[in-house]
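Enquirer: coordinates only, sequence not included:
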């Protein structure tokens, strides 16, 4: 529908204006007197309303005042022209501002390279989520050789994947190597599986692990980003070589133990993963961890975690969570279980 100068669309037209517009489109041109004859006294006000909405225009010629209808799309183009100009000017100003700020990047990087060897400035806490996202986009754009990513927490949010997929496809198209580790529970997330299918088609490698992941990104083994405990949306930017080396070594230790991420999960693979998850739950139970802590470490909901724990306890006939962990740990070690604190065989 057309938009008038005040931003109102055609649905805001008065009934008289609608009738007049229908009257106008049926003829090449009309005079105000003809409109009044056809529609009554309100025709004059309807003419002004339609002209303001760019739906009527003066017919050419030197004779009496005559009006002709304008196609809705043409009216919309006329009405939106000032807004389109404002948008272009805003984009131009954004580009100019970005250029002025990015011109300072060489000076910033040169300055940080000459900071003292004590490590000042090589660790930077970024607490704003928008700034963290912008930083990730900047580091991905500058990555030349390899990006390592470790993402605990199960399936990734749809919004995060939509933001990442175009950026990562561009990275891979430049020939940059990309390796990612998720948790096993991410395999059951359809959006995550769809993302993995797209990036692996371009050469990315994606694997999954049960537990023990830290959230981090490593760019060209020179710069790292890691999550900050208890600071939602915050990240620690790491330029200290020894810390980046530690992060890279932690990733490389996890990579061989991780399994390739298939885009479809077969029944056999699902059973194998379920068994591995239960074994991990057993280990964490024996450590005395709470349900919510176990769920967070395995990237699953607390309700799902509690269901697994209940199944484990039923399977071994345990009366408590700790007893279940003890009995299963004893069975895994090949020794007869005893009820904790009793010395009696379980």
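Expert: All right, it came through fine. Note that this is a predicted model, so its numbers are computed, not measured.
Enquirer: what about the strands in the stretch 201-346 of the chain?
Expert: Remark: strands of the stretch 201-346 of the chain, listed N- to C-terminal, are 205-209, 216-219, 223-227, 235-238, 259-260; assignment by DSSP state E, counting those that start in this stretch.
Enquirer: could you export these as a markdown table, including mean pLDDT, mean neighbour count and distance to residue 37?
Expert: C-beta coordinates here come from the backbone N, C-alpha and C atoms, glycine included. A markdown table is the format used below for the strands of the stretch 201-346 of the chain (pLDDT from 0 to 100; neighbours: other Cβ atoms under 10 Å; distance: least, Cβ to Cβ, whole Å):
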| stretch | mean pLDDT | mean neighbour count | distance to residue 37 |
| --- | --- | --- | --- |
| strand 205-209 | 90 | 20 | 74 |
| strand 216-219 | 95 | 24 | 74 |
| strand 223-227 | 93 | 20 | 74 |
| strand 235-238 | 92 | 20 | 72 |
| strand 259-260 | 88 | 12 | 80 |
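Enquirer: quick one: which of those strands is nearest residue 313?
Expert: Comparison of the strands of the stretch 201-346 of the chain against residue 313 by Cβ to Cβ identifies strand 205-209 as nearest, at 25.4 Å.
Enquirer: sorry, back to before: tabulate the strands of the stretch 201-346 of the chain in a markdown table, adding columns for distance to residue 193.
Expert: Formatted as a markdown table, the entries for those read as follows, by distance: least, Cβ to Cβ, whole Å:
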| stretch | distance to residue 193 |
| --- | --- |
| strand 205-209 | 10 |
| strand 216-219 | 21 |
| strand 223-227 | 23 |
| strand 235-238 | 26 |
| strand 259-260 | 13 |
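Enquirer: quick one: the strands in the stretch 1-150 of the chain?
Expert: Using DSSP E, counting those that start in this stretch, strands in the stretch 1-150 of the chain cover 56-58, 67-69, 123-126, 146-151.
Enquirer: redo the ones you listed as JSON lines? Include mean pLDDT.
Expert: JSON lines is the format used below for these (pLDDT from 0 to 100):
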{"stretch": "strand 56-58", "mean pLDDT": "90"}
{"stretch": "strand 67-69", "mean pLDDT": "90"}
{"stretch": "strand 123-126", "mean pLDDT": "89"}
{"stretch": "strand 146-151", "mean pLDDT": "93"}
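Enquirer: take these and lay them out in CSV including mean neighbour count.
Expert: Below are the strands of the stretch 1-150 of the chain laid out as CSV (neighbours: other Cβ atoms under 10 Å):
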stretch, mean neighbour count
strand 56-58, 17
strand 67-69, 19
strand 123-126, 13
strand 146-151, 21
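Enquirer: nearest to residue 165, of the ones you listed?
Expert: Judged by Cβ to Cβ, the one of the strands of the stretch 1-150 of the chain that comes nearest to residue 165 is strand 146-151, at 13.3 Å.
Enquirer: run through the neighbouring helices and strands of the helix or strand following the closest one.
Expert: Of the helices and strands lying after strand 146-151 in sequence (DSSP states H and E), the nearest is helix 158-173. For helix 158-173, the contact count by 3 or more Cβ pairs under 8 Å, 6 or more residues apart in numbering; DSSP states H and E identifies helix 129-142, strand 177-183, helix 190-200 as packing neighbours.
Enquirer: related to what we said a few turns ago, residue 127 is nearest to which of the strands of the stretch 201-346 of the chain?
Expert: Using Cβ to Cβ and comparing the strands of the stretch 201-346 of the chain, the one that lies nearest residue 127 is strand 235-238, at 8.5 Å.
Enquirer: isn't residue 44 right next to residue 33, touching?
Expert: No - distance between residue 44 and residue 33: 10.1 Å, which falls outside the contact criterion (Cβ atoms under 8 Å).
Enquirer: now the strands of the stretch 1-150 of the chain in JSON lines, with distance to residue 290?
Expert: Converted to JSON lines, these look like this (distance: least, Cβ to Cβ, whole Å):
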{"stretch": "strand 56-58", "distance to residue 290": "71"}
{"stretch": "strand 67-69", "distance to residue 290": "72"}
{"stretch": "strand 123-126", "distance to residue 290": "28"}
{"stretch": "strand 146-151", "distance to residue 290": "23"}
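Enquirer: these: which one's closest to residue 90?
Expert: Between residue 90 and those, the tightest spacing by Cβ to Cβ is seen for strand 123-126, at 26.5 Å.
Enquirer: can you tell me what sits against that closest one?
Expert: Contacting residues not belonging to strand 123-126 are listed as 132, 135, 228, 234-240, 243 [Cβ atoms under 8 Å, 6 or more residues apart in numbering].
Enquirer: what comes up buried for stretch 127-146?
Expert: 132, 135-136, 139-140, 143 (16 or more other Cβ atoms under 10 Å).
Enquirer: no more questions from me, cheers.
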